[in-house]
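Colleague: Return a 3D structure for these sequence lines:
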Amino acid sequence: MYSTELSICGEIKLRVEQNLLSKETAVERVSQDLFARAIAGAVRAMARATTGCRREFLVSSNAEAARLAAQEPGTAAIAGEIAASIYGLGVLAAHIEDEPNNTTRFWVLGRQSVPPSGATRRRS
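Modeller: Purely as a prediction, here's the structure:
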């Protein structure tokens with residue numbers, strides 16, 4: 001358990017979208033794919049798309065998988081489009097997540113107290 005003097009002053013929900021990324025130009029040219037442990041939700045879809053590929057769960061995040069895929073020929077990673085842009089990878093298969101409505105919720109922390117959304121402020 002962590003303790004902090006900060007308060008939750010907002011939240012952001014981001015849709016989780018996963019793509020098969022690679023320097024290769026076709027799925028058939030991928031000989032190895034690196035999966036992040038955190039994105040098990042796309043594994044069933046990838047098993048269908050990459051029949052015959054060796055699957056490795058070696059990395060701690062999808063960003064790390066994308067970084068490695070950019071360095072290793074014949075390798076693909078499951079990650080978002082931002083990772084593709086950062087590491088110069090192409091999208092071989094888009095939106096491969098098994099759960100299309102998956103979202104990640106982030107809290108916005110701060111020192112300022114914020115009223116509940118929809119509340120009106122009193123004017124002085």
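Colleague: and A63, what element?
Modeller: Secondary structure from DSSP states H and E places A63 in helix 62-71.
Colleague: Give the other helices and strands that that helix contacts.
Modeller: strand 19-22, strand 32-36, strand 75-79, helix 81-87 (3 or more C-beta pairs under 8 Å, 6 or more residues apart in numbering; DSSP states H and E). Placement of C-beta: from N, CA and C, glycine included.
Colleague: Out of these, which gets nearest to E64?
Modeller: strand 32-36 (7.0 Å; C-beta to C-beta).
Colleague: Now do the closest one, average pLDDT.
Modeller: Mean pLDDT, strand 32-36: 55.
Colleague: I'd say G110 and E5 touch.
Modeller: No: using C-beta atoms under 8 Å, G110 makes no contact with E5, being 10.4 Å away.
Colleague: who's more crowded, these two?
Modeller: G110 (12 against 6; other C-beta atoms under 10 Å).
Colleague: and the residue nearest to the more buried one when sequence neighbours are not counted, what does it touch?
Modeller: Closest residue to G110 apart from its sequence neighbours, by C-beta to C-beta, 6 or more residues apart in numbering: C9 at 4.4 Å. Neighbour list for C9: V108, L109, G110, Q112, S113, V114 [criterion: C-beta atoms under 8 Å, 6 or more residues apart in numbering].
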